[in-house]
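A.B. asks: Sequence first, predicted coordinates after that:
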Amino acid sequence: MKGSSHLVISTGVSLAVTALLHTSLTPAAAIAAVVGSLLPDLDEPNGLLANRTFPKPAIRVLQIVLLLAAAAAVWFTRTQYPWNWGAGAVVGLAAFASTRWLRQLLMLITGGALTVGGVLYDPRLAAAGLTLVVCALVPHRGFTHTLYATGLWTFALYWMANDNPGVWQAGGISYLLHLLADALSKRGVQLLPPLPWKLCIPLMRSGKSSAAVVETVAIGLTFILAWIVFVQMGQWRLWTLSP
């Protein structure tokens, strides 16, 4: 399923379900739902969230930094010839790697920096940093597409905003809905590794017309649900600026 479809479906349904629980909805809850709808695919460097978080201009900056680092390695260690040229060549060649690989490297660097910042200043930064590091290292539809990751994400939201239940409810439900949506593909999702069981309801295949049909229907049903909950049932009154 496309990232844009995940965004609409998971965000819309999670906010509607949270409203049905009679939980106050705040801008922070909406943000948690949006992030939760895309976060499982952060393990895909070319996914929507990774592309928006680490856009191509950031990749270009990384390439420049790598080239400058290669030149510095050659110059400042020139007494170590020819090893300095070897090190410079390795770093310099890394600048011309694929966009996917460079984005993963940028995720690792950013995650490492946030983790250090979290240790020194705010543990929440460390949580964000470790998330980036893990997502950069695990394979697509690996750990991030499990119930373990869903639980960790929901717990992290509760830890950061336990005075605002809408945040962890909407964010956790949105994350889970992403996994359920991915289960509609033939690949399915392995929710409880190392158990081999997969949740798989093969209604669509990526890039095929079946995917477009399923996504369109799901988006339509999402808007209908949102209309019923927020308009006909009057749950729009739950929206507030603070919990």
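C.D. replies: That came in fine, so what should we check first?
A.B. asks: Domain map for the chain?
C.D. replies: 1-44+142-243, 45-139 (automatic domain parsing).
A.B. asks: Would you point to the one among the ones you listed that's packed deepest?
C.D. replies: The highest mean neighbour count among the domains of the chain belongs to domain 1-44+142-243 (a mean of 18), with neighbours defined as mean count of other Cβ atoms under 10 Å. Quick note: C-beta positions are derived from backbone N, CA and C, even for glycine.
A.B. asks: Give me the distance between that one and the centre of its chain.
C.D. replies: The chain centroid and the centroid of domain 1-44+142-243 are separated by 12 Å under Cα atoms, centre = their mean, to the nearest Å.
A.B. asks: Rounded mean pLDDT for that domain, please.
C.D. replies: Average pLDDT, domain 1-44+142-243: 94.
A.B. asks: Now do it: distance from first to last residue.
C.D. replies: End-to-end distance for domain 1-44+142-243: 33 Å, by Cα to Cα, to the nearest Å.
A.B. asks: And for stretch 17-34?
C.D. replies: Start and end residues of stretch 17-34 are separated by 14 Å (Cα to Cα).
A.B. asks: Give me the contacts around that stretch.
C.D. replies: 7, 10-11, 14-15, 157, 161, 164-171, 173-174, 229-230, 235, 238-243 (Cβ atoms under 8 Å, 6 or more residues apart in numbering).
A.B. asks: Kindly recompute the last result at 6 Å.
C.D. replies: Contacts with stretch 17-34, where a contact means Cβ atoms under 6 Å, 6 or more residues apart in numbering, come from 11, 14-15, 157, 164-167, 169-171, 173-174, 229, 235, 238-240, 243.
A.B. asks: cool, stretch 165-178 as well?
C.D. replies: If you take Cβ under 6 Å, 6+ apart as the criterion, stretch 165-178 is touched by 6, 10, 13-15, 17-18, 23-26, 28-29, 32-33, 36-37, 40, 150, 153-154, 157-158, 161.
A.B. asks: rerun at 7 Å
C.D. replies: Contact with stretch 165-178 is made by 6, 9-11, 13-15, 17-18, 21, 23-26, 28-29, 32-33, 35-37, 39-40, 150, 153-154, 157-158, 161, 243, as judged by Cβ atoms under 7 Å, 6 or more residues apart in numbering.
A.B. asks: Now, those that are in strands?
C.D. replies: Among these, no member is found in strands (DSSP state E).
A.B. asks: which stretches of the protein form helices?
C.D. replies: 3-20, 27-38, 48-53, 56-76, 83-94, 99-120, 123-137, 147-160, 165-182, 209-226 (DSSP state H).
A.B. asks: In contact with residue 154, which residues are there?
C.D. replies: 168, 171-172.
A.B. asks: could you list every residue that touches the residue nearest the centre of the chain?
C.D. replies: Most central in the chain under Cα atoms, centre = their mean is residue 39, positioned 2.1 Å from the mean C-alpha point. Residues near residue 39 by Cβ under 7 Å, 6+ apart: 49, 153, 175.
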